[in-house]
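Colleague: A predicted structure for the sequence below; I have some questions about it.
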Amino acid sequence: MCSRQVTYAVVFTLLAGSATAWAGPIQTFTDFDQFLAAAGDVHEIDFETLPDGNPSYYLAEITPEFNYAAQGVEFFSHAPDLRICGNDTFGFCLRAGPQGSEGPPNWIIAELVHPARAVGIVFPGHTSLSLYTTGNDFLGTWHWGGGGYFFLGAVSEQYPIGSVVVNRGYNFEAIESFHFAPVPEPGSVILLSVVGVVVAARRHGLGPRQ
């Protein structure tokens, strides 16, 4: 069952127990608002709609051909059982693995259509978030969660994120919502830099006189 409410209780240790922590060039967050402030322009896939835009429904199958590429992310599982779970009352989520308590471990792979500088997930229980570059180099793994619903996110200023793996080590995995901030296009970066210089100049009285 999915829920739209996120609980930020400290249950498992995340890099010495801080809500925001550094691991080299990666900044991690368990507070969603802090993540939004650091990540910039964040896109969300909440699984309330299917890849074609129609409303989600219980056990809708997500396949390589029917996926969220148009929304910026493609989701996969090593097992061919990736479905939408939940209902209209409590909301929907993406789930890999069987509904029962038996079966091999399952996890969810999220591949970014375009490189991202930030990714985050809302999820039930506890899980781990592993980051990989666009060249498939491993950036690190972070664990978080407990009883309820939680958020775990990361911002990478140095290495563009190409994919993530969400894995709690059980026979199933579930994501309530997926959040990501694409790396700005080069033109956007230049524009932002120019705007920043102009704003700084005006603040210091260096702008054109009227």
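Modeller: Cool, the structure landed.
Colleague: Quickly find the element holding residue 179.
Modeller: If you go by DSSP states H and E, residue 179 is part of strand 177-182.
Colleague: Tell me the buried residues in the helix or strand encompassing residue 132?
Modeller: Taking DSSP H and E as the definition, one finds residue 132 inside strand 108-133. Residues of strand 108-133 classed as buried: 108-110, 112, 115-133 (neighbour count, 16 or more other CB atoms under 10 Å). (Each C-beta comes from the backbone N, C-alpha and C, glycine too.)
Colleague: Parallel or antiparallel, which strands does it pair with?
Modeller: Sheet pairing here is set by DSSP bridges, and for strand 108-133 it gives strand 73-77 (antiparallel), strand 138-156 (antiparallel), strand 161-166 (antiparallel), strand 177-182 (antiparallel).
Colleague: CA atoms only: put the third one into PDB for me.
Modeller: Output of strand 161-166 as PDB, limited to C-alpha atoms (Å, rounded to 0.1, in the frame of the first residue of the first chain):
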ATOM      1  CA  ILE A 161      24.400  10.900 -12.500                       C
ATOM      2  CA  GLY A 162      23.400   8.400 -15.200                       C
ATOM      3  CA  SER A 163      21.500   5.700 -13.300                       C
ATOM      4  CA  VAL A 164      20.600   4.600  -9.800                       C
ATOM      5  CA  VAL A 165      19.800   1.300  -8.200                       C
ATOM      6  CA  VAL A 166      17.200   1.100  -5.400                       C
END
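Colleague: what residue ranges in this protein score low on pLDDT?
Modeller: Applying pLDDT under 70 to the chain flags the ranges 1-24, 80, 99-101, 186-210.
Colleague: 80 instead?
Modeller: For the chain, residues meeting the criterion pLDDT under 80 lie at 1-24, 78-80, 98-103, 185-210.
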